[in-house]
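K.L.:
Structure here, sequence nowhere to be found:
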């Protein structure tokens, strides 16, 4: 492992590092684009409003509440 | 708890039983690893709160605990930050994220021992890191103070989390991928990427001089936006509709919110370096990207508000919803505040003041921590089959933490604003700018005490549940409707 001391400033190295950060940043953007492409290709954006119901189950359907305070007498 | 009516249960008996059994299996499989993450997270929350109090008191009473090197401000403050960021927030986020993924994929957790090992390793990493910071071996890089060896352990601990998340998504039942799943999967993928990149560029292959703060703030800001924010928003999109039994008002808007966060957020971090020795275009890109964040923030805020409209009375009977709605409202405020603070003229005033500290706590506490409290109140009874011990304790927890963080944010924002004005006044001696913040710093200690008391109440409730000292009613998993049939 290298020492934690900061290397002496070097213009070319600085630009190289910024370019590296920029590349990683572009990688995150690329990952988002990849996810977007996959979602579109498997039909995740079709009938989009119906997707809101995916949070419910047959035994916990829309219209049923699922949380409450414990017995207030305790 | 309001349960399904008997005719409904009779009519759908077969599918209900199948659904209930699957859900019981999902919760049973999640019980050990998720509980391990939650329990240890609460331990670090308490530890981090004590460190926060010590650090806070030192700012207005400098002689407080000043004789021991490991309790000096320069060590206690970063130890507090790392304890709550990695020990509490990240561990709670992993637990909540894995549980929601399991529920939404309808796929039980498969690698339980691996995840238990991950929880153990995560805590070893935190313990190593905190010993390092308090012992004087901090890296001095904000948000990344842990010595690199501890960071290596944390990175290794995250691998099983990613494996299990991908495994559950691959085994998911056919159908739509809900917006919370998008957020969680993206967060589980982005965080190790950010963390490993920052470690390499700062410690293993150090960047030169001015590039270090660029990496530092690229990491710190993106951890907030691409790790904690997605987990927090995923929780809001899951728990609000689930608790009130009403779908999200506009699912389309929720998707716009997710994709705009994914595309815009990564560019934000450099606004922390306004005024620093960096190319102007680099800062300007971040300022513009910060203002672009209005898009996801407003879509999320409008969507949550319209979903809740007509259901605000639920805040009276749902502990989860109290915390989640408080957190969701805080998300709107902190995000809009953050975008505006990125504007150069305002940043010039607020930078290097307590205003920034208040803003950070609005994000990591009022938004994320309160969201995690709400999620844990919902999840733990389902994992354990036991109820929380006391409604009074939950309400005390909510009001102590809610009022505490409001007091903290308002007081320190005003104090920081005045401090910023004073710092820009070249005729004012520097000590005067310090003195004028004292009442606000004392107020912060009181607010922090309230929040810590809230945490103690929460830890007591959790201990009662896990020790089996609360009734095992089964109602928390809605088995009541099944048995009633």
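P.N.:
Arrived safely. These figures come from a predicted structure and were not determined experimentally. Residues are numbered from 1 along each chain as shown, chains lettered A, B, ... in the order given.

K.L.:
Near the nearest residue to residue B:356 once chain neighbours are set aside, how many other residues are there?
P.N.:
Nearest non-adjacent residue to residue B:356, counting by C-beta to C-beta, 6 or more residues apart in numbering or on different chains: residue B:350, 6.2 Å away. Yep, even glycine has a C-beta here, placed from its N, CA and C like the rest. Residues lying near residue B:350 (other C-beta atoms under 10 Å in any protein chain shown) number 20.

K.L.:
Need the residue closest to the centroid of chain A.
P.N.:
residue A:32 (8.2 Å; C-alpha atoms, centre = their mean).

K.L.:
Which other helices and strands does the host helix or strand of it contact?
P.N.:
According to DSSP states H and E, residue A:32 maps onto helix A:11-41. Contacts defined by 3 or more C-beta pairs under 8 Å, 6 or more residues apart in numbering or on different chains; DSSP states H and E place helix A:11-41 against helix B:179-199, helix B:211-223, helix B:251-264.

K.L.:
and the helix or strand just after the second one with chain A, contact?
P.N.:
Beyond helix B:211-223 on the C-terminal side, the first helix or strand identified by DSSP H and E is helix B:229-244. Yes: contact between helix B:229-244 and chain A, assessed by C-beta under 8 Å from any C-beta of the partner chain, occurs at B:237-238, B:241-244.

K.L.:
So among those residues, which ones count as buried?
P.N.:
B:237-238, B:241-244 (16 or more other C-beta atoms under 10 Å in any protein chain shown).

K.L.:
out of those, which one sits closest to residue B:132?
P.N.:
residue B:238 (35.8 Å; C-beta to C-beta).

K.L.:
tally of neighbours for the nearest residue to the closest one once chain neighbours are set aside?
P.N.:
In space, and not counting its chain neighbours, residue B:238 is closest to residue B:180: 4.5 Å by C-beta to C-beta, 6+ apart. Using other C-beta under 10 Å as the criterion, residue B:180 is surrounded by 28 other residues.

K.L.:
I'd guessed residue B:180 sits against residue B:237; true?
P.N.:
Yes: with contact defined as C-beta atoms under 8 Å, residue B:180 reaches residue B:237; the gap is 4.8 Å.

K.L.:
between the two, what contacts are shared?
P.N.:
residue A:55 (C-beta atoms under 8 Å, 6 or more residues apart in numbering or on different chains).

K.L.:
low pLDDT regions in chain A?
P.N.:
A:1-14, A:72-74 (pLDDT under 70).

K.L.:
what's the helix or strand hosting residue B:128 in contact with?
P.N.:
Using DSSP H and E, residue B:128 maps to helix B:112-135. Identification of contacts with helix B:112-135 by C-beta under 8 Å, 6+ apart yields B:29, B:32-33, B:36-37, B:40, B:44, B:47, B:70, B:75-76, B:78-79, B:82-83, B:86-87, B:90-91, B:94, B:98, B:109, B:138, B:145-147, B:149-151, B:153-154, B:156-161, B:163-164.

K.L.:
Make a PyMOL selection of whichever of those turn out to be buried.
P.N.:
Only the buried entries of the contacts of helix B:112-135 go into this PyMOL selection, using 16+ other C-beta under 10 Å:
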select buried, chain B and resi 29+33+36+37+40+44+47+75+76+78+79+82+83+86+87+90+91+94+98+109+138+145+146+147+150+151+153+154+157+158+160+161+164
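
K.L.:
Among the contacts of helix B:112-135, name the ones in strands.
P.N.:
The members of the contacts of helix B:112-135 all map outside strands under DSSP state E.

K.L.:
so which strand or helix has residue B:56?
P.N.:
Going by DSSP H and E, residue B:56 is in helix B:13-60.

K.L.:
counting contacts, what elements does that helix pack onto?
P.N.:
helix B:73-82, helix B:91-105, helix B:112-135, helix B:370-384, helix B:438-466, helix B:479-484.

K.L.:
Tell me which residues touch residue 31, please.
P.N.:
Unless you meant another one, I'm taking chain A. B:186, B:189-190.

K.L.:
Can you look at chain B instead?
P.N.:
B:383-384.

K.L.:
and with 10 Å instead?
P.N.:
Residue B:31 makes contacts with B:99, B:109, B:112, B:380, B:382-385, as judged by C-beta atoms under 10 Å, 6 or more residues apart in numbering or on different chains.

K.L.:
now residue B:372
P.N.:
B:38, B:41-42, B:45, B:88-89, B:91-93, B:95-96, B:228, B:231-232, B:235, B:323-324, B:327.

K.L.:
where's it relative to chain A, distance?
P.N.:
Distance of residue B:372 to chain A, given as C-beta to the nearest C-beta, to the nearest Å: 16 Å.

K.L.:
now for the helix or strand containing residue B:316, which elements pack on it?
P.N.:
Assigned by DSSP H and E, residue B:316 belongs to helix B:314-317. Using 3 or more C-beta pairs under 10 Å, 6 or more residues apart in numbering or on different chains; DSSP states H and E, the elements in contact with helix B:314-317 are helix B:229-244, helix B:319-341.

K.L.:
Nearest to residue B:66, out of the ones you listed?
P.N.:
It is, among the helices and strands packed on helix B:314-317 and with distance given as C-beta to C-beta, helix B:319-341, at 33.0 Å.

K.L.:
Give me the buried positions along the closest one.
P.N.:
Those buried within helix B:319-341 under the rule 16+ other C-beta under 10 Å are B:319-335, B:337-339, B:341.

K.L.:
Run through chain B and note the low-pLDDT ranges.
P.N.:
B:1-18, B:473-485.

K.L.:
try 50 this time
P.N.:
B:1-6, B:8, B:476-485 (pLDDT under 50).

K.L.:
So what touches the helix or strand containing residue B:289?
P.N.:
For residue B:289, the host element (DSSP H and E) is helix B:280-292. By C-beta under 10 Å, 6+ apart, the residues outside helix B:280-292 that reach it are A:18, A:21-22, A:25, B:214, B:217-218, B:221, B:260, B:263-276, B:278-279, B:335, B:338-344, B:347.

K.L.:
switch to 8 Å and redo it
P.N.:
Counting by C-beta under 8 Å, 6+ apart, residues outside helix B:280-292 touching it are A:18, B:214, B:260, B:264-265, B:267-271, B:273-274, B:276, B:338-339, B:342-344.

K.L.:
What residue, apart from its backbone neighbours, is nearest residue B:220 spatially?
P.N.:
That would be residue B:143: by C-beta to C-beta, 6+ apart, it lies 4.2 Å from residue B:220.

K.L.:
my read: that neighbour touches residue B:85, true?
P.N.:
Yes: at 6.7 Å, residue B:143 counts as touching residue B:85 under the criterion of C-beta under 8 Å.

K.L.:
any common contacting residues for these two?
P.N.:
With C-beta under 8 Å, 6+ apart, residue B:143 and residue B:85 have common neighbours residue B:223.

K.L.:
among the contacts of residue B:31, which ones are buried?
P.N.:
B:99, B:109, B:112, B:380, B:382-385.

K.L.:
May I see those arranged in JSON lines, with distance to residue B:455 as well?
P.N.:
Formatted as JSON lines, the buried ones among the contacts of residue B:31 follow (distance: C-beta to C-beta, whole Å):
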{"residue": "B:99", "distance to residue B:455": "21"}
{"residue": "B:109", "distance to residue B:455": "27"}
{"residue": "B:112", "distance to residue B:455": "28"}
{"residue": "B:380", "distance to residue B:455": "16"}
{"residue": "B:382", "distance to residue B:455": "22"}
{"residue": "B:383", "distance to residue B:455": "20"}
{"residue": "B:384", "distance to residue B:455": "20"}
{"residue": "B:385", "distance to residue B:455": "25"}
